[in-house]
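> Below is the structure, and that's it, no one-letter string:
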């Protein structure tokens, strides 16, 4: 049975969270860290843009006045306001069996872990048949846009995910919202539609963050037939994270993609 590392990180800023994901992926790529499943939360709330999204779509003044961090992911996809949620990340060598066959094939394989985990909550998670929200005219919102590879239950999109390949590594991360912060429509200059539903709308009471981590980690173990060993970042991973914060994720040039 293959052994992976389980990282459960404390709440952190947007820049440090994204820098941590990239640092871990690079060390997994280089063989100095094992395949890793990471869970984390955000403080303060942060609006993350997909790699190719224009910063011009964001009312940056309003976001900062509202106490919302602005960050850009290394992955594609649409904007997410990370607030009342759990975020996951998976880092694998590109040669790993779960990473083969391209992005959609690897999404489908990794989804088996989440499907099993959500089943532990009594939710029958399936790949979604999504229709875009008509008010999201430019396709800016992750949870209003069609993504047929992502999981739904009872008509609710359970998580929004994005993937990239960093040289020889797969990095996939995604948001599992308990609730959706409606301020995302304001900072993207979009009308507020009817409230989007999150996990709290499906399970009352909803699991705590810690309980959800345990449920999803168990799903990965059972579905993917792996062993998860709790661990922490190495000194090299922490150093690289701090370098990436300074040189990329906290930099205006990266945010604006100038």
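All right, it came through fine. Note that the structure is predicted; figures quoted are calculated from it, not measured.
> can we go C-alpha only for contacts and neighbour counts from here?
OK.
> residue nearest the centroid of this protein?
Nearest to the geometric centre of the chain sits residue 174, at 1.9 Å (Cα atoms, centre = their mean).
> Looks like that one contacts residue 164 (just checking).
No. Using Cα atoms under 8 Å, residue 174 makes no contact with residue 164, being 11.9 Å away.
> Where does the prediction get shaky in this structure?
Filtered on pLDDT under 70, the chain yields the residue ranges 128-149, 258.
> Now for residue 7: which residues touch it?
36-39, 230-233 (Cα atoms under 8 Å, 6 or more residues apart in numbering).
> can you map out the strands along the stretch 151-258 of the chain?
In the stretch 151-258 of the chain, the strands defined using DSSP state E, counting those that start in this stretch lie at 151-153, 156-157, 160-166, 169-177, 226-230.
> Now those strands in a markdown table, please, with extra columns for distance to residue 103.
Listed next are the strands of the stretch 151-258 of the chain as a markdown table, based on distance: least, Cα to Cα, whole Å:
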| stretch | distance to residue 103 |
| --- | --- |
| strand 151-153 | 15 |
| strand 156-157 | 19 |
| strand 160-166 | 7 |
| strand 169-177 | 9 |
| strand 226-230 | 21 |
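> Of all those strands, which one is nearest residue 16?
Of all the strands of the stretch 151-258 of the chain, strand 169-177 sits nearest to residue 16, with 14.4 Å by Cα to Cα.
> residues making contact with that closest one?
Residues contacting strand 169-177 (Cα under 8 Å, 6+ apart): 21-22, 25-26, 28-29, 75, 80, 82-94, 99, 158-165, 198-199.
> Kindly report the same for stretch 153-163.
Contacts of stretch 153-163 (Cα under 8 Å, 6+ apart): 75-77, 103, 123-126, 128, 142-143, 150-152, 170-177, 197-199, 202.
> List the buried residues for that stretch?
153, 156-163 (16 or more other Cα atoms under 10 Å).
> Could you export these as JSON lines, including distance to residue 66?
Below are the buried residues of stretch 153-163 laid out as JSON lines (distance: Cα to Cα, whole Å):
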{"residue": "153", "distance to residue 66": "32"}
{"residue": "156", "distance to residue 66": "27"}
{"residue": "157", "distance to residue 66": "26"}
{"residue": "158", "distance to residue 66": "26"}
{"residue": "159", "distance to residue 66": "24"}
{"residue": "160", "distance to residue 66": "23"}
{"residue": "161", "distance to residue 66": "25"}
{"residue": "162", "distance to residue 66": "26"}
{"residue": "163", "distance to residue 66": "29"}
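> Closest one of those residues to residue 49?
residue 162 (11.2 Å).
> close enough to count as contact, residue 27 and residue 35?
No. When contacts are counted by Cα under 8 Å, residue 27 is not listed as touching residue 35 (9.5 Å).
> Out of those two, name the residue with the larger neighbour count.
Each of residue 27 and residue 35 has its neighbours counted (other Cα atoms under 10 Å); residue 35 has more, 24 against 21.
> surely that one meets residue 24?
No. Look at residue 35 against residue 24 with Cα under 8 Å: they stay out of range, at 9.1 Å.
> ok, residue 250 - how many residues close by?
Neighbours of residue 250 (other Cα under 10 Å): 21.
> Use 58 as the first number for this chain going forward.
That works, and once the first residue is 58, the last one we named lands at residue 307.
> Check the gap between it and residue 228 for me.
Per Cα to Cα, to the nearest Å, residue 307 is found 20 Å from residue 228.
> Not counting its neighbours along the chain, what's nearest residue 138?
residue 104 (4.3 Å; Cα to Cα, 6 or more residues apart in numbering).
> so that neighbour sits in a strand?
Yes. Using DSSP: H, G, I helix; E, B strand; the rest coil, the assignment for residue 104 is a strand.
> any idea how far residue 301 is from it?
Per Cα to Cα, residue 104 is found 18 Å from residue 301.
> Between residue 92 and residue 81, which contacts overlap?
With contacts taken as Cα under 8 Å, 6+ apart, the residues that reach both residue 92 and residue 81 are residue 148.
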